[in-house]
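*Asks:* build the 3D model from these lines:
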Amino acid sequence: MQKGVKFRIYPNREQQTIINQTLGCCRLIYNKGLAMRNEAYQNGNKIGYSQTSAMLTDLKKSDGFAFLKAVDSIALQQSLRDLDRGFVNFFQKRASHPTFKSKHNHHQSYRTINQGDNIRIVGKYIKLPKLGFVKIRQTMGVEKINNITIERTPTNKCCSECEI
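*Replies:* Now for the predicted structure:
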């Protein structure tokens, strides 16, 4: 059984900058993938997750998008997986067509998966990819973390939700 636990995190200024960059890069990749899939759909072609993932790899290799290497790569892949899940739900008539993400939306988040113990709680800190150790306010014990969602609340404070 999976269970979600929400923790408040207290990143320093450098970590907050990396979180903001990751949120922006995930939004950029999601929107580029959505544009690519919409264009292919209008031309009568089908594009899946593998083609959008290849697009991400090509973008990372180009000089204009070198900033994508500075953020968590798993978070970028997860935004493409979320886009793919949105299209699956759309074609199965469970949801409306995926829309472009806006930076002015109050709900901004990204998700990353625990691979090789890269996310773990040590004392009053949680170790996150590309962020290092971030101070948390832990309300209950956590054994194993499957994935974590970092979201920015409307008051511009960060919160993380662990799935255990």
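*Asks:* give me the buried positions along the helix or strand residue 32 falls within.
*Replies:* Residue 32 is part of helix 13-42 when elements are defined by DSSP states H and E. For helix 13-42, a neighbour-count test (16 or more other CB atoms under 10 Å) marks 15-16, 18-23, 25-34, 37 as buried. For glycine as for every other residue, the C-beta is placed from the backbone atoms N, C-alpha and C.
*Asks:* which other helices and strands does it contact?
*Replies:* Judged by 3 or more CB pairs under 8 Å, 6 or more residues apart in numbering; DSSP states H and E, helix 13-42 is in contact with helix 49-61, helix 73-91, strand 108-113, strand 147-152.
*Asks:* which of the ones you listed sits closest to residue 43?
*Replies:* With CB to CB as the criterion, residue 43 lies closest to helix 49-61 of the helices and strands packed on helix 13-42, at 13.2 Å.
*Asks:* quick one, that closest one and helix 13-42 angle?
*Replies:* Helix 49-61 and helix 13-42 are oriented at 130 degrees to each other (axes from the mean of the first three to the mean of the last three CA atoms, to 10 degrees).
*Asks:* got the CA coordinates for stretch 6-20 in CSV?
*Replies:* The C-alpha trace of stretch 6-20 is given here as CSV (Å, rounded to 0.1, in the frame of the first residue of the first chain):
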residue,chain,number,x,y,z
LYS,A,6,3.6,15.8,3.3
PHE,A,7,6.6,17.6,4.8
ARG,A,8,7.5,21.3,4.8
ILE,A,9,11.0,21.9,3.5
TYR,A,10,13.2,24.9,4.2
PRO,A,11,15.6,25.4,1.3
ASN,A,12,18.3,28.0,1.4
ARG,A,13,18.6,30.7,-1.3
GLU,A,14,20.8,28.5,-3.6
GLN,A,15,18.4,25.6,-3.2
GLN,A,16,15.4,27.8,-3.8
THR,A,17,17.0,29.0,-7.1
ILE,A,18,17.6,25.4,-8.2
ILE,A,19,14.0,24.5,-7.3
ASN,A,20,12.7,27.5,-9.4
